[in-house]
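Undergrad: how would this look folded up:
(one chain, ligands or ions: 1)
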Amino acid sequence: MIYAPTITLQGRYDVDDHRLFGPIDMSISAGQWTCLLGRSGVGKSTILRLILGLETAGDFIGEIVADDGQPIAKRASYMAQSDLLLPWLNLHENVVIGSRLRGAEPDFDQANALIDRVGLSDHIKKKPGALSGGMRQRAALARTLMENRPIVLLDEPFSALDAGTRADMQDLAAELLAGRTVLLVTHDPAEACRLGHQITLLSEDGANAWDLPNTMPIRQPDDPEMLRSQASLLAHLRVGA
Ligand SMILES: Nc1ncnc2c1ncn2[C@@H]1O[C@H](COP(=O)(O)OP(=O)(O)OP(=O)(O)O)[C@@H](O)[C@H]1O
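TA: From the prediction side, this is the model:
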């Protein structure tokens, strides 16, 4: 598989003449899941956009580098908070849009298999407007997984899903993204403790690691150590809110 690098982000970020976060020194480990949590508006989505080199509202002073020195954006796939599905294309066409935009022939077998894994085979010809919010989110997940990139940036990818489907999609993403460098933005301590090799808490003052059980993800929902960790993380987030 193509090398999945460690990414480091060092710097500070100002918006509207005030400091939003930083200075921070954050590492997103090679081939692992790093879960990023923090209060609403602290800058989590901004960090994903900075890593991708996309426009943001403020100014970042610092550097974002991969440990192999190669550019990051071209080998990253990104699932934004809004699903970014194109309304005039059907579900299947949306899932293969990446290849189409690159002028390549899509791998239709892979696309069909992914659509099946996210449970949308019966809806393949529907346009996004005819799908529920959770279905749209699963379609966007399939499109992201279809890209098969070594770096994957996910912004609340499971937020619209019912509890059972959410657990299924977490399992699927953990399976298909094994060995990739994944940065997952989430508000859900249970999700972070289930999926994360590392958890980073972003605040105005910095980016701090949160201790996780020594077990490897993906952790079972009834894992006692995980449950303890998610409970203390929730308590910490409530105090910090
Ligand atoms: N277009 C914009 N113009 C001005 N300020 C913006 C703009 N977009 C975002 N911001 C500001 O940047 C800050 C960080 O936004 P960001 O979306 O990164 O936060 P977040 O931590 O991901 O929030 P949430 O958890 O609610 O998704 C916010 O406080 C917001 O006010």
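
Undergrad: any idea how far G206 lies from Q10?
TA: Remark: distance between G206 and Q10 (C-beta to C-beta, to the nearest Å) = 11 Å. All C-beta spots, glycine's among them, are computed from the backbone N, C-alpha and C.

Undergrad: Likewise for A57?
TA: Counting by C-beta to C-beta, the gap from A57 to Q10 is 21 Å.

Undergrad: higher neighbour count, these two?
TA: Ranked by neighbour count (other C-beta atoms under 10 Å), A57 and Q10 place Q10 first, with 16 against 10.

Undergrad: mind listing the strands for the protein?
TA: All strands of the chain, identified by DSSP state E, fall at 7-15, 18-28, 33-37, 59-66, 76-79, 151-155, 181-185, 198-202, 207-210.

Undergrad: Show me which residues of the second one are buried.
TA: Within strand 18-28, the residues that qualify as buried by neighbour count (16 or more other C-beta atoms under 10 Å) are L20, F21, G22, I24, M26, S27, I28.

Undergrad: so what pLDDT did the fourth one get?
TA: Just to be clear, that refers to I24. On pLDDT, I24 comes in at 96.

Undergrad: can you tell me how far it sits from N148?
TA: Taken as C-beta to C-beta, the span from I24 to N148 is 30 Å.

Undergrad: what is in contact with G206 and Q10 at once?
TA: Taking C-beta atoms under 8 Å, 6 or more residues apart in numbering as the criterion, G206 and Q10 both touch P23, I24, D25.

Undergrad: now those residues as JSON lines including distance to the ligand?
TA: Listed next are the shared contacts of G206 and Q10 as JSON lines, based on distance: C-beta to the nearest ligand atom, whole Å:
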{"residue": "P23", "distance to the ligand": "17"}
{"residue": "I24", "distance to the ligand": "13"}
{"residue": "D25", "distance to the ligand": "18"}
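
Undergrad: Which positions within the lengthiest helix in the chain qualify as buried?
TA: Counting by DSSP state H, the longest helix found in the chain is helix 224-240. For helix 224-240, the neighbour count (16+ other C-beta under 10 Å) marks M226, L227, S229, Q230, L233, L237 as buried.

Undergrad: can you redo the residues you listed as JSON lines with pLDDT and distance to K44?
TA: Listed next are these as JSON lines, based on pLDDT from 0 to 100; distance: C-beta to C-beta, whole Å:
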{"residue": "M226", "pLDDT": "93", "distance to K44": "22"}
{"residue": "L227", "pLDDT": "95", "distance to K44": "24"}
{"residue": "S229", "pLDDT": "95", "distance to K44": "20"}
{"residue": "Q230", "pLDDT": "95", "distance to K44": "18"}
{"residue": "L233", "pLDDT": "96", "distance to K44": "15"}
{"residue": "L237", "pLDDT": "92", "distance to K44": "13"}
